[in-house]
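>>> Dropping the sequence and predicted coords here.
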Amino acid sequence: MRSPLRSAVRYLGLANSRERKMSMHVDNGLTEWVAKIETRLQANPHDAEGWFALARDAQTRPVDQMRTFWERAVSHFPTHPYFWMLYIEQEIKASHFDEVEKLFSRCLHKIPSIELSRQHVRYVFSHYPPVSLPNRERIREAYDQAIGRVGFDLDSSSLYLDYIKFLRECEAVGAYAEQQRGLKIREVFQKAVSVPMLNIELMWKEYCHFEQGFQPNQAEKITSDRSREYTNAKKNARVLEPLVRALRRDKLPSPPRTLDEERQQIENWKKWVNFERVNPLLLDDNNKLMRRIAFAYENCLMCMPYRLDMWLETAAHYRDAAEKAQSKGDHVTAREVLDSAACCMERGIVLYPDRPLFYLIIADIEEFRKMNDRVKKIFERCLKKVTENPTLAYIHYMLFMRRAEGINAAREIFKRARTDPRITQEIYTASALMEYFTTKDKGVALRIFELVFKKHPINLSFVDKYLDFMMLQNEQINAKILVEKALNAESLAPSDKLVVAGKILEYDVLFGDYDTIQRTEKSRAELLDILQPPVTTSLTASRLVSRWNYMDLTPLTDNDLRNMDYLECRNPSSLAQPSPFDMFKNTRAATTSSGPKSGVVMPDLAAMLPFKPRPRNRGYLSVPGGDYAFPEALEHLKRQLPPPDSFAGPFPDLDQVIKLILEEQPKSAAELQKAADGIDPGLRTIAQIVNMADDAETDKIKLEFDPERRFVNDIYRSRLAKKMKVEGE
């Protein structure tokens, strides 16, 4: 590991001995500050604050001195546009235009960033002023490429408007040139108004104004033909905006962690992808729909490149789109889609150079295109890059050569793999099965299987495959020999040996004699004695039950097996103690599954009413988020009551009624009966309460017909009356 001080010297551009001798002018405080940040980056290479701090300082220094840092930054974040844009900006300030062109060629077609594309257009516009026809063509080509890359972005309206402004300012000599310029402006406008974006209303207004000035006679017809696309895009822009705004596209990528924020982000990205998949724009062009979905995937990989599942989903999307295009005879589109898929997987190789997955995906793409020479080159690259265990790459290389060139070419790859000290025994299993099912030569396959015992320590997966092959060939004697070798092998754990014994027991029960079954049972019993099961579990009982099992059938019911704490003696995972990760996984599964849990009280979902928001709907109970139906009891009461228009009065003051009811103390049944009979006049009955409310309503009516009493409490009207009385006098 590089020391922080040495990293600081490299950061400051003092890489060679001559510069180090001339570094007396370098501030020691700055060197210590950089060394502290380098220490943080060594502890956490994805520390965003550390990278931002170094980038801010590097922007104040000459780019020749800081080029090592910038290259390091873009190599560490190859999919994100932030450091690429800063690096390019520094090169432009230093007038290193050759370096600028190289940087754009390295990142522009790989990063679907609207900011990066606009930076490229601004550079082309400033470096190639539109004073000559070649320069104008270069600028127009830059705009077309930018719209092709990021024209689906929600924030792409400024890019379209800049392009249209450039086209309007271009000089057109002659009627034909003027006509061609107008047609090009119309083409850009029509692309823009069909894309869900911000400020699309302004874009539509500008387009209608343009058509009125370009072809007034046909303007109404042309705009009406495009109004459907515009309306659909405008509607979907409102749906798409919250989806895109929920994404952290400005955040630097980092390896995945089990954080709620990261899980929420990946859910948001998938919402965007699923939104595009349902084709809300009702596109008839499958190629355009494919590119919109791919644009969402590419943006996700730009911000979250360490999510391997998104790489696989992107590759599957490209592959499906290519197959659909090829099935329709559109070979040009299929070739372009596969080129995009291969380019995408190459970006994955930059992040994961030692993972065979991305090489295998590219090899599959090239094999789909019948490019066998390219497939060979990809496998050779993979074998050079994968330094830890290239066995999987050798296996798929061998199987490809069998498909492409025959069994002899595959044997050459197997021969080459045997000389590689890094491989494991899986290549022998694959080669043996390939020989048997291709040439039907059982002897060759058996000899390849036997080579493993001479070169590698055996494991359970090899013994399992070899034993299956023996049973398939009905080689009982050789199978018994293999089992004896496995049971005596030091490389197999007792649990693995138990699986081997259980496998041969199943074979003996089906095809062996009784004595053979007893001997195998004895071997299993000896292996079980070595294991340490839970205290409540009887291995003897579990062993006897498992002997009579066949496939999913058992001689006892599930409840019986649960009561006896049964363990499947043929499955080593059931005998092993659960790891903390297994316990966490089981807990998560228990909390997320919808089935009933033993010992846990679950709510009765059948008795729960579904939440169906109905905004501003009369007859519903208002709750946060919408209006909710009344409970069943209140609904029943409402059905029993007469309709409101059948009651003409009197109407008591509800506040008075509720106030009187609240003031009443709870009375017993006997007291209420006495009150009803008039024995205790001090007690108010419900009828009396209603009468009091009626009296209050009567007073209210009197106020309405008595003007003097009506305004007794109205201070404003009383003052006005006094004033008018004084003036009258």
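Nice, thanks for sending it over. Residues are numbered from 1 along each chain as shown.

>>> quick one: stretch 445-452 to chain centroid distance?
Offset of stretch 445-452 from its chain centre (CA atoms, centre = their mean, to the nearest Å): 44 Å.

>>> Go through it and flag the buried ones.
Residues of stretch 445-452 classed as buried: Ala445, Leu446, Ile448, Phe449, Val452 (neighbour count, 16 or more other CB atoms under 10 Å). Any C-beta I mention is one placed from the backbone N, CA and C, and that applies to glycine too.

>>> Please convert these to JSON lines, extending it with pLDDT.
JSON lines is the format used below for the buried residues of stretch 445-452 (pLDDT from 0 to 100):
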{"residue": "Ala445", "pLDDT": "91"}
{"residue": "Leu446", "pLDDT": "90"}
{"residue": "Ile448", "pLDDT": "92"}
{"residue": "Phe449", "pLDDT": "90"}
{"residue": "Val452", "pLDDT": "89"}
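
>>> Among those residues, name the ones in helices.
Ala445, Leu446, Ile448, Phe449, Val452 (DSSP state H).

>>> mind putting the residues you listed in TSV, distance to Gly406 included?
Putting these into TSV (distance: CB to CB, whole Å) gives the following:
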residue	distance to Gly406
Ala445	18
Leu446	22
Ile448	18
Phe449	22
Val452	25
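
>>> of all those residues, which comes closest to Phe166?
Set against Phe166, the nearest of these by CB to CB is Ile448 (67.4 Å).

>>> which ones are touching the closest one?
Tyr428, Ser431, Ala432, Glu435 (CB atoms under 8 Å, 6 or more residues apart in numbering).

>>> And the helix or strand encompassing Thr39, what does it pack against?
For Thr39, the element it lies in under DSSP states H and E is helix 28-43. Identification of packing neighbours for helix 28-43 by 3 or more CB pairs under 8 Å, 6 or more residues apart in numbering; DSSP states H and E yields helix 4-11, helix 48-58.

>>> looking only at pLDDT, what's the mean for that helix?
Average pLDDT, helix 28-43: 77.

>>> tilt between it and helix 48-58?
150 degrees (axes from the mean of the first three to the mean of the last three CA atoms, to 10 degrees).

>>> What is the distance between helix 28-43 and the centre of its chain?
On CA atoms, centre = their mean, the centre of helix 28-43 falls 35 Å from that of its chain.

>>> Run through who's touching stretch 503-521.
Asp464, Leu467, Met471, Gln476, Ala479, Lys480, Val483, Ala501, Arg524, Arg543, Arg547, Arg570.

>>> Can I have the buried ones of those residues as a PyMOL selection?
Filtering the contacts of stretch 503-521 down to the buried ones (16+ other CB under 10 Å) takes a single PyMOL command:
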select buried, resi 464+467+471+479+480+483+501+524+543+547+570
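
>>> Looking at the contacts of stretch 503-521, spot the one nearest Ile361.
Taking these together and measuring to Ile361 by CB to CB, the closest member is Asp464, at 28.3 Å.

>>> For Leu505, see how far away the closest one is.
Distance of Asp464 to Leu505, computed by CB to CB, to the nearest Å: 14 Å.

>>> Same check on Gln640?
Gln640 is 72 Å from Leu505, by CB to CB.

>>> show me what contacts the most centrally placed residue in the chain?
The structure's the chain has its C-alpha centroid closest to Ile266; by CA atoms, centre = their mean the separation is 3.6 Å. Applying CB under 8 Å, 6+ apart to Ile266 gives the contacts Met304, Arg307, Met310.

>>> Next: Pro457.
Pro457 touches Ala489, Glu490, Ser491, counting by CB under 8 Å, 6+ apart.

>>> Need the pLDDT of it.
86.

>>> Which of the helices or strands spans it?
Going by DSSP H and E, Pro457 is not in any helix or strand.
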